[in-house]
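Colleague: what's the 3D shape of this:
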Amino acid sequence: MASLANGLQKIIKKTMAKYSKKAEKKIEKVMHEMKEGKLKSGRSGKKVKSRKQAIAIGISEAREAGYKVPKKKAAKKTAKKRSSSKS
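Modeller: Below you'll find the predicted structure:
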């Protein structure tokens, strides 16, 4: 019985979408704007040329609209520099 439930959980995890359909549409719309040359970055107002940046803007907008989008990953902390002692 336990193996059946475990197998069912694996199937559910594989079939569950990470992004909602509305979030996908939002990202698609933003990509279309970028291809037309109408997408501008938030602060500087410069035209977005990078595909990755356009996708990031689309995901951000979808998140603000409340659509199902994976959580933001926390920024990685940089490793502390080891001070070498000279003696």
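
Colleague: Show me the shaky parts of the chain.
Modeller: Applying pLDDT under 70 to the chain picks out residues 1-16, 79-87.

Colleague: what about the helices in it?
Modeller: Secondary structure of the chain, counting by DSSP state H: helices at 2-15, 21-36, 51-65.

Colleague: and the last one, what does it pack onto?
Modeller: Packing contacts for helix 51-65, counted by 3 or more C-beta pairs under 8 Å, 6 or more residues apart in numbering; DSSP states H and E, involve helix 21-36. Bear in mind the C-beta positions are built from the backbone N, C-alpha and C, glycine included.

Colleague: Using PDB, list the CA coordinates for the helix it packs on.
Modeller: Provided in PDB are the C-alpha atoms of helix 21-36 (Å, rounded to 0.1, in the frame of the first residue of the first chain):
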ATOM      1  CA  LYS A  21      -1.200  29.100 -17.900                       C
ATOM      2  CA  LYS A  22      -1.700  32.800 -17.200                       C
ATOM      3  CA  ALA A  23       1.900  33.200 -16.100                       C
ATOM      4  CA  GLU A  24       3.000  31.500 -19.300                       C
ATOM      5  CA  LYS A  25       0.900  33.900 -21.300                       C
ATOM      6  CA  LYS A  26       2.400  36.900 -19.400                       C
ATOM      7  CA  ILE A  27       5.900  35.700 -20.200                       C
ATOM      8  CA  GLU A  28       4.900  35.100 -23.900                       C
ATOM      9  CA  LYS A  29       3.500  38.600 -24.100                       C
ATOM     10  CA  VAL A  30       6.700  40.200 -22.700                       C
ATOM     11  CA  MET A  31       8.800  38.200 -25.100                       C
ATOM     12  CA  HIS A  32       6.700  39.500 -28.000                       C
ATOM     13  CA  GLU A  33       7.200  43.000 -26.700                       C
ATOM     14  CA  MET A  34      11.000  42.400 -26.600                       C
ATOM     15  CA  LYS A  35      11.000  41.100 -30.200                       C
ATOM     16  CA  GLU A  36       9.100  44.200 -31.300                       C
END
